[in-house]
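Peer 1: Structure for this input, please:
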Amino acid sequence: MSMLKQQYELVRYTRENLFSFCEQLAAEDYTREVDGFGWASIRTLHAHVADCYQSWLAHFGLKKKREKLNPEKISDVADMRKQFLKMDQLVLEFLNYYQADYLQKISGTVPWQEEQEQLSALWLFTHTVTHEFHHKGQIVSMARQFGYIPVDTDLLTPSDMEKYV
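Peer 2: Coordinates of the predicted model:
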């Protein structure tokens, strides 16, 4: 298994840890909007993260049609998990496609600029993963504002991962 696939497995365990925590939230807190956060609620942040995988890996990297995720159609954490199973398949497809050369440049447009951008497969993968971790921190902050004590959402140790195997 490639190093990037192994790295993504670690990301998946950390995501599962966050999803398990989010399942402990009251349903209304998962969808409750929070002032001061650009993405409104924990649910919309999760949807935004999934949409980032779609945008960068599927649309930009694989030149596939982007399936924009509508957070309003996701009722709870279990539904969001289903969306991320699709992202897992997308990431593996992307990594398999570029496994011969992760430094290969891919040309495409990005919404905030007119000229085409050239980005490597490694850059696209790294961006989507670090983007997820950034928003994971915001999700934890939102939960704290609601009075919850979140689990440690840093990268899990092998012994921590055993409960999800």
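Peer 1: how deep is residue 45 tucked in, by neighbour count?
Peer 2: Look at residue 45: counted by other CB atoms under 10 Å, it has 22 neighbours. Any C-beta I mention is one placed from the backbone N, CA and C, and that applies to glycine too.
Peer 1: what does stretch 54-67 rub up against?
Peer 2: With CB atoms under 8 Å, 6 or more residues apart in numbering as the contact definition, stretch 54-67 has outside contacts at 68-69, 87, 90-91, 93-94, 97-98, 106, 108, 110, 119, 121, 124-125, 127-128.
Peer 1: From these, keep the buried residues only.
Peer 2: For the contacts of stretch 54-67, a burial check counting by 16 or more other CB atoms under 10 Å picks out 69, 87, 90-91, 94, 98, 106, 119, 121, 124-125, 128.
Peer 1: hmm, back to that, just checking, which of the contacts of stretch 54-67 belong to helices?
Peer 2: Those of these mapping onto helices are 87, 90-91, 93-94, 97-98, 121, 124-125, 127-128, per DSSP state H.
Peer 1: how about low-confidence regions in the protein?
Peer 2: Within the chain, the segments meeting pLDDT under 70 span 1, 37, 39.
Peer 1: Show me where it has its strands.
Peer 2: Using DSSP state E, the strands assigned to the chain run over residues 105-108, 117-120.
Peer 1: Would you enumerate the residues in contact with the closest residue in space to residue 71 that isn't next to it in sequence?
Peer 2: Using CB to CB, 6 or more residues apart in numbering and skipping the chain neighbours, the partner closest in space to residue 71 is residue 47 (3.8 Å). By CB under 8 Å, 6+ apart, the contact set of residue 47 is 69-71, 74, 80, 83.
Peer 1: got those residues as TSV, with distance to residue 40 columns?
Peer 2: Shown next, in TSV, are the contacts of residue 47 (distance: CB to CB, whole Å):
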residue	distance to residue 40
69	14
70	13
71	8
74	13
80	15
83	17
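Peer 1: and the residue nearest to residue 27 when sequence neighbours are not counted, how many residues sit next to it?
Peer 2: In space, and not counting its chain neighbours, residue 27 is closest to residue 76: 6.2 Å by CB to CB, 6+ apart. Number of residues near residue 76 (other CB under 10 Å) recorded here: 14.
Peer 1: Other residues contacting stretch 92-99?
Peer 2: Contacts of stretch 92-99 (CB under 8 Å, 6+ apart): 2, 4-5, 8, 57-58, 61-62, 104, 121, 124-125.
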